[in-house]
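A.B. asks: The sequence and its predicted three-dimensional model are supplied below.
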Amino acid sequence: MTLTEIIGAFKTKLNASNLLNSLEKAADFYGESDIDSEMDDSGETLKNNPYSSSDSAFVNNAFVNNAFVNNASVKSLDAENVSGNRKVPLIKLNDVWKIYQMGESDFAALRGINLEIYEGEFLVVLGPSGSGKSTLMNLIGCLDLPSRGTVFLNSGDISELEESELARIRGQMIGFIFQSFNLIPTLNTLENVLLPLEFQEEDPHTAQKKAAYLLEIVGLSDKKHNLPSQLSGGQRQRVAIARSLAVNPPVILADEPTGNLDSKTGNYILEFLNSLNKKEGKTVIIVTHDLELIKYATRIVYIRDGRIEKVEECILDEGRK
Ligand SMILES: Nc1ncnc2c1ncn2[C@@H]1O[C@H](COP(=O)(O)OP(=O)(O)OP(=O)(O)O)[C@@H](O)[C@H]1O
């Protein structure tokens, strides 16, 4: 199987019926009332959902059964090599160290991290400023490589991959939501959301429809032609979320997603991520120092001074689903 075929197997659709709750929340939040008109008679599909033509369900078992890379030289943790019925982790960090050079001296930002992350988790990584959260997120998101130890992404050792392969996996598998939004200042809202689709060489007409659809989901249909500088912080964050969802990635990594937002917008964004996790089955990984976020977590990883201090499993009650 080629890398393209493997990635193709992971490309999934946004399930329209499952998105309705998110849309309804968005409608409530922004005081819009025309969302119902988008539904067909059964109330289950959105007429204009450009993601609904795909034929695969979101949670695809292929995701846990295939390595990213069909390369004999890559260390593999194939299902057959795992004893019993234990699931194969989507992401696995094995004794990971990150050491930054500081002039003559070295600084170890991560010191022997061991962590397994499974498909469908809502993982919250909590820790004080400087504890290594962003460094950890960069490694989980294949944006950086460890100084020592190994990062496996769906059983493939990422350090064995060419940068071009890593970039491709990042582009198609992982939606990043950063504190700084990372929007391109010279591109308007629509163009920013179109960017990853163009990178993926999506057909221009479909790409336009997808971008418009996502801006509708995040309540910014009327801001398509605004530049980032003409948006509020919360609106920029919502554009960043729309862009991160454009290629429908199965994994969403967020670094302080509510960082500088007012509490209403922050809550809306968290509810939206929660909905993507609980209803769409997307794996959500958030690094933060905000204790408020733990109410959404299925697991909490506490990090301090570059080490995992403790890991807590969370049992969700009905009200938090
Ligand atoms: N490129 C770098 N060079 C040197 N030191 C770095 C570099 N990046 C991060 N560090 C150091 O590594 C440590 C961990 O940084 P990191 O950004 O991961 O922390 P954090 O937990 O995300 O902090 P915050 O919550 O303030 O964003 C800090 O002491 C930081 O100063």
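C.D. replies: Thanks, I have it.

A.B. asks: Can you pull out the low-pLDDT segments for the stretch 101-250 of the chain?
C.D. replies: For the stretch 101-250 of the chain, residues meeting the criterion pLDDT under 70 lie at 180.

A.B. asks: where does it come near the ligand, residue by residue?
C.D. replies: 102, 107, 109, 127, 129-135 (CB under 6 Å from any ligand atom). To be clear about C-beta, it is placed using only N, CA and C from the backbone, and glycine gets the same treatment.

A.B. asks: and those, which are buried?
C.D. replies: Among these, the ones that count as buried by 16 or more other CB atoms under 10 Å are 109, 127, 131-135.

A.B. asks: so of these, which ones are in helices?
C.D. replies: 133-135 (DSSP state H).

A.B. asks: Tell me which stretches of the stretch 151-300 of the chain form strands.
C.D. replies: Here the stretch 151-300 of the chain has its strands, by DSSP state E, counting those that start in this stretch, at 156-157, 174-177, 251-255, 283-288, 299-304.

A.B. asks: Turn these into a markdown table, including mean neighbour count.
C.D. replies: Shown next, in a markdown table, are those (neighbours: other CB atoms under 10 Å):
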| stretch | mean neighbour count |
| --- | --- |
| strand 156-157 | 22 |
| strand 174-177 | 23 |
| strand 251-255 | 24 |
| strand 283-288 | 25 |
| strand 299-304 | 18 |
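
A.B. asks: For E313, which of those strands is the nearest?
C.D. replies: E313 lies closest, by CB to CB, to one member of the strands of the stretch 151-300 of the chain: strand 299-304, at 5.6 Å.

A.B. asks: Tell me the helices and strands packed up against the closest one.
C.D. replies: strand 122-126, strand 307-313 (3 or more CB pairs under 8 Å, 6 or more residues apart in numbering; DSSP states H and E).

A.B. asks: Most tightly packed of those?
C.D. replies: Among the helices and strands packed on strand 299-304, strand 122-126 has the highest mean neighbour count (mean count of other CB atoms under 10 Å), at a mean of 24.

A.B. asks: Compute the inter-axis angle for that strand and strand 251-255.
C.D. replies: 20 degrees (axes from the mean of the first three to the mean of the last three CA atoms, to 10 degrees).

A.B. asks: Which elements pack onto strand 122-126?
C.D. replies: Looks like strand 122-126 contacts helix 133-140, helix 263-280, strand 283-288, strand 299-304 (3+ CB pairs under 8 Å, 6+ apart).

A.B. asks: residues in contact with the residue of the stretch 201-321 of the chain found nearest the ligand?
C.D. replies: Closest to the ligand within the stretch 201-321 of the chain is H289: 5.4 Å, counting by CB to the nearest ligand atom. H289 makes contacts with 126-129, 133, 256, as judged by CB atoms under 8 Å, 6 or more residues apart in numbering.

A.B. asks: hmm, back to that, including distance to G120, could the strands of the stretch 151-300 of the chain go into JSON lines?
C.D. replies: Converted to JSON lines, the strands of the stretch 151-300 of the chain look like this (distance: least, CB to CB, whole Å):
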{"stretch": "strand 156-157", "distance to G120": "20"}
{"stretch": "strand 174-177", "distance to G120": "15"}
{"stretch": "strand 251-255", "distance to G120": "10"}
{"stretch": "strand 283-288", "distance to G120": "6"}
{"stretch": "strand 299-304", "distance to G120": "11"}
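
A.B. asks: Setting the sequence-adjacent residues aside, check what's closest to P257.
C.D. replies: With CB to CB, 6 or more residues apart in numbering as the criterion, P257 has its nearest non-adjacent residue at 5.0 Å, and that residue is I177.
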